[in-house]
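Undergrad: here is my input, please return the structure:
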Amino acid sequence: MEEKVFALNDVVEMKKQHPCGTNRWKIIRMGMDIRIKCEGCGHSVLIPRREFSRKMKKILVKHEG
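TA: This is a model prediction of the structure:
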């Protein structure tokens, strides 16, 4: 399995969509845990890095910088 490379402020798609109906999440904090924010309703979730890597489907928008 290939290593997924993601960075702060990237917009990603998760395998399951959020209850608000959207599937776009922005990475707003990185460390041992990763905080992502729903682009639809603004709800944020803190999940462990390993779990995030497993649940992330693909990167939609790569942050420049």
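Undergrad: surely I36 meets P48?
TA: No. Counting by C-beta atoms under 8 Å, P48 is not a contact partner of I36; they are 12.0 Å apart. (C-beta placed from N, C-alpha, C; glycine too.)
Undergrad: the more surrounded of those two?
TA: Neighbours around I36 and P48, counted as other C-beta atoms under 10 Å, are more numerous at I36. The numbers are 24 against 11.
Undergrad: the more buried one and N23, how far apart?
TA: 11 Å (C-beta to C-beta, to the nearest Å).
Undergrad: for the chain, which spans come out with low pLDDT?
TA: 1-3, 65 (pLDDT under 70).
Undergrad: would you list every one of the strands in the chain?
TA: Using DSSP state E, the strands found in the chain span residues 11-14, 24-29, 33-38, 44-48, 56-61.
Undergrad: got the contact list for the third one?
TA: Going back to what we said before, that points to strand 33-38. Residues from elsewhere that reach strand 33-38, judged by C-beta atoms under 8 Å, 6 or more residues apart in numbering: 12, 14, 18, 20, 22, 24-29, 43-49, 52.
Undergrad: swap in stretch 7-18?
TA: Residues from elsewhere that reach stretch 7-18 (C-beta under 8 Å, 6+ apart): 6, 23-30, 36, 38-41, 43, 55-63, 65.
Undergrad: 7 Å - rerun?
TA: Residues from elsewhere that reach stretch 7-18, judged by C-beta atoms under 7 Å, 6 or more residues apart in numbering: 6, 23-27, 30, 38-40, 55-63.
Undergrad: can I get that stretch in CSV? Just the C-alpha atoms.
TA: Only the C-alpha atoms of stretch 7-18 are listed here, as CSV (Å, rounded to 0.1, in the frame of the first residue of the first chain):
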residue,chain,number,x,y,z
ALA,A,7,-0.2,18.6,4.4
LEU,A,8,-1.8,21.4,6.4
ASN,A,9,-4.7,23.2,4.6
ASP,A,10,-5.2,20.4,2.0
VAL,A,11,-8.8,19.6,1.2
VAL,A,12,-9.5,15.8,1.3
GLU,A,13,-12.3,13.4,0.6
MET,A,14,-13.0,10.8,3.3
LYS,A,15,-14.5,7.3,2.6
LYS,A,16,-17.8,8.2,4.5
GLN,A,17,-19.5,11.5,4.0
HIS,A,18,-20.5,13.8,6.9
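Undergrad: that concludes my questions; thank you for your assistance.
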